[in-house]
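> Quick check, what structure comes out for this input:
(3 chains)
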Amino acid sequence: MKSTPQSLNELLQRAEAMAGLNLGELARLNQIPVPQDLKRDKGWVGQLIEIELGADAGSKAQQDFLHLGVELKTIPINRYGKPLETTFVTTTPLINVKSLNFYDSLVFHKLQQVLWVPVEGERDIPIADRRVGTPFLWQPDPMELSLLRQDWEEIMEMIAMGKVENITARHGEVLQLRPKAANSKALTESITENGTIKLTNPRGFYLKTQFTSQVLAKVFAG
DNA sequence: GACTGATCATTA
DNA sequence: TAATGATCAGTC
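Purely as a prediction, here's the structure:
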């Protein structure tokens, strides 16, 4: 197990050292077996990168490198550098919605500073052959922040009003709310329209591919 | 090809 | 159950 990086520079240097390597090489360095496909190992790539970079494992609702204020996200891309999937941000509280202040939200805290690690993700490339792209540190600019805030406020207001089940993945320009659970039978508490409690499928916030696509394009342009 | 709802592994 | 890590797969 690698030690956790002590500084932002150390983290970035480790990240840059991964660029161009494929997942097979990375797995071998860390003595981890490579799955045939990701059907039953959907988080495998993310966990491999965590290990390589020395993120402390665990299921804390916190940034991966808390002491550095950095959240780590791998993002599967196609041959043109476009994201193949939406990006999960955080689970959503559906009850005890205390504040509708975006800057107090878990979404804001996680997205303040993200280390993006693009990885080839097309399914016709064997897992071990998929290459890691150039990682980069991202902070949302004022425009991006404003878009995120608008979507977040709209969605959280609906939750607070007891309208969780009326929210579809179409709400929001850049941020969407979708199921995030073991399956559709999983239940968690949420607010009803008259303020009482009911049970619904847990939800999470995801970044739409259009948004992450622009984030990537801005960095790799020119 | 993008989008959306559903799903998988693991840990605590 | 809920948090972490996400991708799968059917439909539009």
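> For the residue of chain A most remote from its centre, which non-adjacent residue is closest in space?
Within chain A, residue A:194 marks the point farthest from the mean C-alpha position, 33.0 Å out by Cα atoms, centre = their mean. With sequence-adjacent residues excluded and distances taken as Cβ to Cβ, 6 or more residues apart in numbering, residue A:194 is closest to residue A:162, at 7.2 Å. The way it works is simple: take the backbone N, C-alpha and C, and place the C-beta from them, glycine included.
> Residue A:187 against residue A:198, yeah?
No - checked against Cβ atoms under 8 Å, the pair residue A:187 and residue A:198 is beyond contact range at 9.4 Å.
> if you count what's nearby, which of these two comes out ahead?
Set side by side, residue A:187 and residue A:198 show more neighbours around residue A:198, with 15 against 12, by other Cβ atoms under 10 Å.
> beta partners of the more buried one?
Beta-bridge pairing of residue A:198 under DSSP bridges involves residue A:190.
> tell me the contacts of it?
Applying Cβ atoms under 8 Å, 6 or more residues apart in numbering to residue A:198 gives the contacts A:189-192.
> Contacts for stretch A:132-150 next, please.
Contacts for stretch A:132-150 (Cβ under 8 Å, 6+ apart): A:8, A:12, A:15-16, A:18-23, A:26, A:49, A:70, A:77, A:81, A:102, A:107-108, A:111-120, A:173-175, A:211, A:215, A:219-220.
> Report pLDDT for the residue farthest from the centre of chain A.
With respect to pLDDT, residue A:194 scores 92.
> Check for me that it belongs to a strand.
No - under DSSP: H, G, I helix; E, B strand; the rest coil, residue A:194 sits outside any strand and is assigned coil.
> quick one: it from residue A:73, how far?
38 Å (Cβ to Cβ, to the nearest Å).
> what do you get for residue A:129?
Residue A:129 sits at a distance of 22 Å from residue A:73 (criterion: Cβ to Cβ).
> Between the two, which has more neighbouring residues?
Neighbours per residue (other Cβ under 10 Å) separate residue A:129 from residue A:73, with residue A:73 holding more: 21 against 12.
> is the strand or helix carrying the more buried one up against DNA strand C anywhere?
Element membership of residue A:73 [criterion: DSSP states H and E] is strand A:71-77. Yes - using Cβ under 7 Å from any atom of the strand, a contact is recorded between strand A:71-77 and DNA strand C, made by A:71-76.
> No further questions, thank you.
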